[in-house]
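# have a look at this prediction, sequence included:
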Amino acid sequence: MNIPIFVPHVGCPNDCAFCNQRSITGVTEAPAPESVGLIADEYLSGGRTGPHTIAFFGGSFTGIEPRLQRGYLAQAKKYLDSGRISGIRLSTRPDYIGPEQLDLLEEYGVTNIELGAQSMDDAVLAASGRGHDSAAVRRASALVRERGFTLGLQMMTGLPLDSPEKSMATAEEFIALGAEETRIYPTLVMENTRLADMYRAGAYSPQTLEEATELGARLYGKFRAAGVKVLRIGLSDSAELKGGCVAGPYHPAMGEAVVSRFVRGQLEKMVENGRLDIEAPKKYFSKILGLRRCNAEYFLGNGVGLTLTEGERPLVNGKYLLEF
C-alpha cells in the first residue's frame with residue numbers, strides 16, 4: 001500500500017508534450033515537508049492493511065533542491081526507522097540520476113526508485129519532448145541497480161511516432177535492464193498540452209481504447225512471464241482526469257480492462273470442442289468472467305459454452321493449469 005505524496009512539477013526541467021500534472025494528479029502545489037507526517041498518519045490510521053510505503057510521485061524528485069529533498073526524506077525516514085512503513089519510493093527522470101543523487105537517497109533509506117523512461121525509442125522520446133534519450137535510461141538503470149535499489153521503469157504507449165512494435169521492444173529492453181517493477185500508461189491527450197495542440201492540428205492520432213487495451217494485455221503478459229511486477233496500468237481515475245482528457249483511450253478502470261483482456265487471451269488458447277469448462281478458486285471468478293462480465297459475454301457471443309465451478313486450483317477443460 002503506497003502512501004502517495006504528490007510533488008507536481010517540482011524539479012522537472014521541461015514540459016513534455018503529454019504532460020498536465022494538474023489534470024493527472026489533481027494537485028497544483030507541492031506540500032510542505034511537514035505535511036508528509038500528516039498524510040502518513042491519515043493513511044496509517046485508516047485501517048488499510050500493510051505493508052506501507054511512503055511514495056513521492058508527480059515530479060522529478062531528484063531534481064528538487066537538495067535541502068527540500070532532505071526535508072521530505074527526513075520526515076519519511078522517521079516512519080521507516082520506527083517500523084511503521086516498510087520502504088520509501090520515489091519517481092524521477094532518468095537524466096536526474098547520478099552518484100550524488102543516489103548518495104542522498106541511500107542516506108535516508110530509499111528502497112525503490114522508479115524512472116520515467118516512457119519509451120526506449122529515441123525518435124519517440126524526441127517527438128514527445130522528453131529532453132533525454134534512451135542512453136540516459138540505460139545509464140540510470142545501471143546506477144540504480146548497482147546501488148541495490150529496487151528498479152522500476154515506467155512506460156507510455158501511443159506516444160507520437162510510437163507503434164505497438166516499438167512498445168513491445170521497450171518492454172523487452174526494460175526486462176533486459178533488470179527492472180523489477182513497471183507501470184504502463186496509455187497516452188491520453190490532456191487539455192493545455194502540446195499534444196492537445198498536435199491532436200487538434202491533425203498532427204497526432206491517439207490510440208483507440210481497443211488498441212490500448214489489446215497492446216496493454218500483450219505487455220502485461222510479457223512482463224508477467226519475465227517476473228516483472230506490473231504496479232499499475234493506466235492513470236488513477238478522477239474528476240480532474242476525466243474532465244481534462246481531450247482524446248485518447250480513457251477508461252475509468254483501465255487496469256482491470258487490460259487484465260481481463262489478458263485472461264481472455266489465455267482462455268482462448270484453451271477452448272476445446274467449443275467449450276470452456278473451468279474449475280477455479282472463487283477468488284479467481286471475477287478475473288475469469290472479466291470486467292463487467294466482458295469475457296463471459298465474449299465467449300458466449302462467439303458460441304463457446306462456458307461453465308465455471310469452484311475448485312481448489314484453476315483448471316480448464318480438466319487438464320490445463322491457468323495461473324492468474
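Yep, it's here.
# show me where this protein has helices.
21-25, 35-44, 66-81, 99-107, 122-127, 134-146, 164-176, 194-200, 209-225, 239-244, 254-268, 285-289, 294-301 (DSSP state H).
# hey, least reliable of these by pLDDT?
Mean pLDDT per stretch puts helix 21-25 lowest among those, at a mean of 56.
# so residue 266 touches residue 321, yeah?
No - counting by C-beta atoms under 8 Å, residue 266 stays clear of residue 321, with 10.9 Å between them. Just so you know, the C-beta spots here come from the backbone N, C-alpha and C atoms, and that holds for glycine as well.
# that older thread, make JSON lines out of the helices of the chain and add mean neighbour count and distance to residue 59.
Formatted as JSON lines, the helices of the chain follow (neighbours: other C-beta atoms under 10 Å; distance: least, C-beta to C-beta, whole Å):
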{"stretch": "helix 21-25", "mean neighbour count": "20", "distance to residue 59": "7"}
{"stretch": "helix 35-44", "mean neighbour count": "15", "distance to residue 59": "14"}
{"stretch": "helix 66-81", "mean neighbour count": "18", "distance to residue 59": "11"}
{"stretch": "helix 99-107", "mean neighbour count": "14", "distance to residue 59": "14"}
{"stretch": "helix 122-127", "mean neighbour count": "17", "distance to residue 59": "19"}
{"stretch": "helix 134-146", "mean neighbour count": "19", "distance to residue 59": "16"}
{"stretch": "helix 164-176", "mean neighbour count": "18", "distance to residue 59": "22"}
{"stretch": "helix 194-200", "mean neighbour count": "17", "distance to residue 59": "19"}
{"stretch": "helix 209-225", "mean neighbour count": "19", "distance to residue 59": "25"}
{"stretch": "helix 239-244", "mean neighbour count": "14", "distance to residue 59": "17"}
{"stretch": "helix 254-268", "mean neighbour count": "21", "distance to residue 59": "22"}
{"stretch": "helix 285-289", "mean neighbour count": "17", "distance to residue 59": "34"}
{"stretch": "helix 294-301", "mean neighbour count": "16", "distance to residue 59": "36"}
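# quick one, which of the ones you listed gets closest to residue 309.
helix 285-289 (9.8 Å; C-beta to C-beta).
# returning to that earlier point: which one of the helices of the chain lies nearest to residue 90?
Short answer: helix 99-107, nearest of the helices of the chain by C-beta to C-beta, at 7.5 Å.
# partner residues bridging the residue nearest the centre of the chain?
The centre of the chain sits closest to residue 183, judged by C-alpha atoms, centre = their mean, with a distance of 2.1 Å. With DSSP bridges as the criterion, residue 183 is bridged to residue 154, residue 232.
# these two touch, right, it and residue 115?
No - with contacts defined as C-beta under 8 Å, residue 183 does not count as touching residue 115, sitting 10.6 Å away.
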